[in-house]
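Undergrad: return atomic coordinates for the entry below.
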Amino acid sequence: MDIRAAIADERRRLADLVDSLQPAQLDAPSLCGDWTVKEVAGHLIAASGGSAPGAPSPSRALLGMLVRSGFNLHKANSRLAVRTAARPAAELAQQLRDGADNPFEAPLVGYPGQLTDLQVHGQDMRRPLGLPHGLRLDRLKVSLEFLTSGKAFGFAPRRRLAGLRFEASDLNWFSGVGELVAGPAETLLMAMCGRQAVLTELDGPGVRVLRNRILGRRAPDAG
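TA: As a prediction, the model looks like this:
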């Protein structure tokens, strides 16, 4: 699979999604923290290197936000997403298209991390709106391999997945040893990234362990 082509295609699909949404849908809560659907789109634009004409580059904008946020990266990212999302939806969609082929490779997580970010955040937007995802299984497999590689910094802490066996019911893929967590590849993707809302769609004794870890509880039978 050409991973850069896959990243570009997912960015264009998300641009089409933003274009298709009504104002009430854009303002709906997403699955990503306190962000709205539109604010998730704003985050993806910043992550892809997109910026409006005349606006500072994403790296300069993030640096400014870091200073104003006391060098708290999470807070700076959140503020930058909210600021970016203040632009008209049509402009956001066009910026996603314009930045679709940006060859920038993120440090630490690389292209697999960027593809995973797009697929997870796309679902953060689609799922609350009841929209089908249309994600390709070969791309989901890349993301599942990335999340279980131990190198998914900022996505899935090792302690969250440790001692569990993950099996995709719609893909010839499994990883890990321990109590079973089974379900569709897209649902596993979201669960590994801490989306509690999808856990009821998974099967196996490991689901309770995973839920407790996402919620920050100590599971009596955790490995």
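Undergrad: other residues contacting stretch 157-174?
TA: Under the criterion Cβ atoms under 8 Å, 6 or more residues apart in numbering, residues 137, 140-141, 144-145, 147-148, 150, 175-185, 188, 192, 194, 204, 206, 209-210, 213-214, 222-223 lie in contact with stretch 157-174. All C-beta spots, glycine's among them, are computed from the backbone N, C-alpha and C.
Undergrad: now A85, nearest residue through space, not along the chain?
TA: Excluding the flanking residues, the one nearest A85 by Cβ to Cβ, 6 or more residues apart in numbering is G42, at 3.3 Å.
Undergrad: just the CA coordinates for the one helix or strand the one you found maps to, please, in CSV.
TA: Assigned by DSSP states H and E, G42 belongs to helix 37-48. Once side chains and other backbone atoms are set aside, the C-alpha atoms of helix 37-48 remain, and they are given as CSV (Å, rounded to 0.1, in the frame of the first residue of the first chain):
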residue,chain,number,x,y,z
VAL,A,37,-17.0,18.1,14.9
LYS,A,38,-15.8,21.3,13.3
GLU,A,39,-13.0,21.7,15.8
VAL,A,40,-11.8,18.2,15.0
ALA,A,41,-11.6,19.3,11.4
GLY,A,42,-9.6,22.4,12.6
HIS,A,43,-7.1,20.1,14.4
LEU,A,44,-6.7,18.0,11.2
ILE,A,45,-5.9,21.0,9.2
ALA,A,46,-3.2,22.1,11.6
ALA,A,47,-1.8,18.6,11.7
SER,A,48,-1.6,18.4,7.9
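Undergrad: re earlier: separation between the residue nearest to A85 and R213?
TA: 29 Å (Cβ to Cβ, to the nearest Å).
Undergrad: quick one: contacts for the residue nearest to A85?
TA: Contacts of G42 by Cβ under 8 Å, 6+ apart are 80-87, 92.
Undergrad: from those, which is closest to D27?
TA: Taking Cβ to Cβ as the measure, A85 is the one of the contacts of G42 closest to D27, at 9.9 Å.
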